[in-house]
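**Q** model this:
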Amino acid sequence: MGLRQQANAFALSGDGRACIQAIDQAMEAVNTDGEPEPLAVYCTPSYLQMEAAGCWSRLGRPDRAAQLLSSALATWPSRDQRDRGIGLARLAAAHAMAGVIDGACTVARDAVGVVHLAPSARAIAELGRLRARLAPHRQHREVADLTDELRSLIQS
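**A** Numbering: from 1, shown residues only. Here you go, the predicted model:
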């Protein structure tokens with residue numbers, strides 16, 4: 001988890017090389033054959049891919065972020081639906097950043113469905129940021145419908 005935090009800090013400072021190095025080290029640590037840390041059993045390869053995707057978004061590479069998130073979500077452990085909701089919200093945001101508005105709306109609807117079943121303040125916050133990112137596209141029918149769904153979720 002420390003390496004994940006380092007990667008995020010490096011991404012925020014714009015140091016892509018150090019960010020990727022920290023993510024690679026974290027992946028190596030997670031992929032060892034040892035027992036997972038009791039306080040970090042959620043820190044699976046899929047979870048780290050989601051975190052790496054967040055770094056790529058911060059580094060201005062939503063295309064790479066979407067690619068990693070799609071891969072991570074395809075193998076997401078079924079027991080971790082709250083974090084899956086966060087991953088879906090981040091994938092929707094990556095699509096929006098890349099200008100793939102229909103894709104952002106489709107994935108965001110999936111995220112809303114997961115959040116209704118497994119509420120997560122972090123996922124709701126991600127969806128709130130997505131709503132703001134999509135605001136310039138509110139004339140788009142899909143965005144308008146999604147904005148209404150997000151408003152009700154965020155206010156509830």
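
**Q** which secondary structure elements does the helix or strand containing Leu69 contact?
**A** Assigned by DSSP states H and E, Leu69 falls within helix 62-74. In this structure, helix 62-74 makes packing contacts with helix 45-58, helix 81-97, judged by 3 or more Cβ pairs under 8 Å, 6 or more residues apart in numbering; DSSP states H and E. The way it works is simple: take the backbone N, C-alpha and C, and place the C-beta from them, glycine included.

**Q** Any chance of those helices in a markdown table with distance to Cys19 as columns?
**A** Converted to a markdown table, the helices and strands packed on helix 62-74 look like this (distance: least, Cβ to Cβ, whole Å):
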| stretch | distance to Cys19 |
| --- | --- |
| helix 45-58 | 5 |
| helix 81-97 | 16 |
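
**Q** worst average pLDDT in those?
**A** Lowest mean pLDDT within those: helix 45-58, a mean of 91.

**Q** thinking again about what came up before, mean neighbour count for the helices and strands packed on helix 62-74 - can I get that in CSV?
**A** Converted to CSV, the helices and strands packed on helix 62-74 look like this (neighbours: other Cβ atoms under 10 Å):
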stretch, mean neighbour count
helix 45-58, 23
helix 81-97, 25
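
**Q** hmm, back to that, give the buried residues for the helix holding Leu69.
**A** For helix 62-74, the buried set under the neighbour-count rule, 16 or more other Cβ atoms under 10 Å, comprises Pro62, Arg64, Ala65, Ala66, Gln67, Leu68, Leu69, Ser70, Ala72, Leu73.

**Q** follow-up on the earlier one: which among the helices and strands packed on helix 62-74 is found nearest to Gln5?
**A** Closest to Gln5 of these, according to Cβ to Cβ: helix 45-58, at 9.3 Å.

**Q** Just want the angle from that closest one to helix 62-74.
**A** Interaxial angle of helix 45-58 relative to helix 62-74 (axes from the mean of the first three to the mean of the last three Cα atoms, to 10 degrees): 160 degrees.

**Q** and the angle for helix 45-58 with helix 81-97?
**A** For helix 45-58 against helix 81-97, the angle by the same axes, to 10 degrees is 30 degrees.

**Q** mind exporting helix 45-58 as CSV, just the C-alpha atoms?
**A** Only the C-alpha atoms of helix 45-58 are listed here, as CSV (Å, rounded to 0.1, in the frame of the first residue of the first chain):
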residue,chain,number,x,y,z
PRO,A,45,-3.5,-7.4,-8.8
SER,A,46,-6.8,-6.1,-10.1
TYR,A,47,-6.9,-3.4,-7.3
LEU,A,48,-3.4,-2.3,-8.1
GLN,A,49,-4.3,-2.1,-11.8
MET,A,50,-7.2,0.2,-10.8
GLU,A,51,-4.7,2.3,-8.8
ALA,A,52,-2.2,2.4,-11.7
ALA,A,53,-5.0,3.5,-13.9
GLY,A,54,-5.7,6.4,-11.6
CYS,A,55,-2.0,7.4,-11.9
TRP,A,56,-2.3,7.2,-15.7
SER,A,57,-5.3,9.5,-15.6
ARG,A,58,-3.4,12.0,-13.4
